[in-house]
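Enquirer: Predicted coordinates and the sequence they were generated for:
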Amino acid sequence: MSGTALALVLTAALVHSGWNALAKRAGNPLAFLWSSVTLATLIFLPLSAGFLRDGLPASAVPYVIGTIVIHAAYFYALGRALGSGDFSLVYPIARGLGVGLVPVGALLWLGERLSPLGATGVGLVVIGIVLANVAAGGFRRQPGGGVGKGTGWAVVTGVTIATYSLVDKVGVTTLHPLPYLALMGAGISVLLLPSVWRAAALRHEWRINWPTILVAACLNLTSYLLVLFAFRLSKAAYVVAARETSIVFSVLIGGIWFGEGRLARRLAAAGVVLAGVACVALAR
């Protein structure tokens, strides 16, 4: 993986875990996410206008439509997961599933084959994520039956992450990442509007959280823009695996900021994730 791609992805990982933590603290995570994405879109659309002067290329249309639909499902599932489960539980599950699913999808759809070192790195990331979830109690049966709260929605989130990663890997070869991201954000805002259009809930979220909504608006789509540029420079599986250093940050945030406990065990699991990312960084 090139140094430029790795730098883009690691920066995106730090930013991503930050805005997810802000959403976790929201009164209504879905309303918070919709507000921040909509604000970010209002910034990115004018910036991307020059790239769309001649219209949207026909080759990009199916990927733009696809990523809008998948990302809308992603944000809806993410809002439900963050609203019902521990941050240090649902975040690693959601992010980790992509690491395991993307290499399979990339091989079948894109013909991307991992080097032995790259495959080892992806495997270590998956193992580290499983260990993180064990440490967080994600697989422990609950008194009322089932597993940890939010786990189901986290799994749905993870599947959408893997799906949009594969779509966007190809999509940014048909359209520059900036207009691609802006159109995606606009579509997400429209599709999710019926799910959040409760005036009282939106007003309440803005009243109690408007400063953090503004911060999240600067972070959420920006972090993914860095990932889109990285997709142009490296294999999808490597980008997704390196991006999941955000799991390490989520462990620290959940254990220290949110006081979710078992920090030592979670850090040990995070170390396995980092070892995997190091292998991916060196792989070709």
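Expert: Done, it's in.
Enquirer: Was I right to think Tyr238 contacts Val280?
Expert: Yes - using C-beta atoms under 8 Å, Tyr238 is in contact with Val280, at 5.0 Å. The way it works is simple: take the backbone N, C-alpha and C, and place the C-beta from them, glycine included.
Enquirer: Give me the common contacts of those two.
Expert: Common contacts of Tyr238 and Val280, defined by C-beta atoms under 8 Å, 6 or more residues apart in numbering, comprise 1, 118, 121.
Enquirer: how close does the first one get to Leu114?
Expert: It stands for Met1. The gap separating Met1 from Leu114 is 11 Å, by C-beta to C-beta, to the nearest Å.
Enquirer: Stretch 108-117 - what's its average pLDDT?
Expert: For stretch 108-117, mean pLDDT rounds to 83.
Enquirer: again but with stretch 55-74, I slipped
Expert: Per-residue pLDDT over stretch 55-74 has a mean of 96.
Enquirer: Numbering from 17 from now on, please.
Expert: In the new numbering, first residue 17, that becomes stretch 71-90.
Enquirer: Any figure for the gap between the residue of the chain positioned farthest from its centre and Gly203?
Expert: For the chain, the largest distance from the centre (C-alpha atoms, centre = their mean) belongs to Asp70, which lies 30.9 Å off. Distance of Asp70 to Gly203, computed by C-beta to C-beta: 20 Å.
Enquirer: overlap in contacts of Met17 and Leu130?
Expert: Here Met17 and Leu130 share the contacting residues 251, 254, 299, scored by C-beta under 8 Å, 6+ apart.
Enquirer: ok, the first one touching Glu128?
Expert: Which is Lys251. Yes - between Lys251 and Glu128 there is a contact at 4.9 Å, judged by C-beta under 8 Å.
Enquirer: Of these two, which one has the most company?
Expert: Lys251 (24 against 19; other C-beta atoms under 10 Å).
Enquirer: Now the phi/psi pair for that one, please.
Expert: The phi/psi pair for Lys251 (degrees, to the nearest 10) reads phi -70, psi 150.
Enquirer: and it, how far is that from Gly82?
Expert: With C-beta to C-beta as the criterion, Lys251 and Gly82 are 20 Å apart.
Enquirer: same question, Ile143
Expert: Ile143 is 31 Å from Gly82, by C-beta to C-beta.
Enquirer: same check, this time on Pro195
Expert: The value you get for Pro195 to Gly82, if C-beta to C-beta is used, is 16 Å.
Enquirer: Compare neighbour counts for the two and give me the winner.
Expert: Pro195 (21 against 18).
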